[in-house]
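Enquirer: Generate a structure from the sequence data that follows.
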Amino acid sequence: MKFVLLYGPQAVGKMTIGQELAKITGLKLFHNHMTIELLEPFLGFSDEMWRISTMIREELFESYAKSDQYGMIFTYVWAFDEQEDWEFVKKVTNVFESVGAEVYLVELEADVEERLKRNVTANRLNHKPTKRNTEKSKEELLKTMETHRLNSEVGEIQHKNYLRINNTHMRAAEVALQIKETLQL
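Expert: As a prediction, the model looks like this:
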């Protein structure tokens with residue numbers, strides 16, 4: 001079993017790269033908006049929506065880790081200044097490591113100008129209805145940059161299977177291939 005945590009700030013390309021990586025590896029993609037888009041129409045962006053989203057994710061991780069599947073890619077926006085996010089990542093990686101899975105942490109970064117372009121791509125808007133109000137999505141992207149640190153500092157991640165990629169000038173398929181080859185997926 002393999003578990004790839006693909007993380008970085010909003011609109012860095014996590015889902016799109018995850019889609020490409022799934023195509024060339026056989027890993028299943030569970031992008032973070034799958035639970036958000038399920039729950040938001042009923043509960044809005046409320047504390048209860050986030051609670052249930054986390055619960056669904058954790059239950060799926062537990063069940064999937066025990067399966068005979070090849071592995072999973074999960075996308076995540078990790079706020080490095082939030083202890084709760086560190087705890088979530090530790091809990092999720094422990095679920096997979098506890099069954100002997102290989103865990104990979106893949107961090108993406110890109111210039112804000114590129115992220116703003118990606119924020120309005122057809123693929124993103126097709127899979128993430130909550131991002132279709134593009135002005136609100138842009139405001140949130142820019143606001144989050146001021147309130148949270150969404151990329152790690154050099155040396156902060158000490159995981160043995162860690163890869164950081166600046167994908168500002170790369171196509172998703174190129175990044176996916178680099179991930180596959182570097183991590184031997």
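Enquirer: Just the pLDDT for the residue nearest to residue 161 when sequence neighbours are not counted.
Expert: Spatial nearest neighbour of residue 161, chain neighbours left out: residue 104 (4.3 Å); criterion: CB to CB, 6 or more residues apart in numbering. C-beta: built from backbone N, CA, C; applies to glycine. With respect to pLDDT, residue 104 scores 98.
Enquirer: which SS state does residue 104 fall under?
Expert: strand (DSSP: H, G, I helix; E, B strand; the rest coil).
Enquirer: contacting residues around it?
Expert: 2-5, 161-163, 183, 185 (CB atoms under 8 Å, 6 or more residues apart in numbering).
Enquirer: out of those residues, which is most surrounded?
Expert: The most neighbours of any of those, using other CB atoms under 10 Å, belong to residue 4, which has 28 neighbours.
Enquirer: surely it meets residue 70?
Expert: No - the criterion here is CB atoms under 8 Å, and residue 4 misses it with residue 70 at 11.2 Å.
Enquirer: list residues touching both of the two?
Expert: residue 27.
Enquirer: still on that earlier bit, looking at the sheet around the residue nearest to residue 161, what are its partners?
Expert: For residue 104, the beta-bridge partners under DSSP bridges are residue 4.
Enquirer: Check which helix or strand the nearest residue to residue 172 once chain neighbours are set aside maps to.
Expert: Among residues not flanking residue 172 along the chain, residue 16 sits closest, at 4.3 Å (CB to CB, 6+ apart). Residue 16 belongs to helix 14-25 when assigned by DSSP states H and E.
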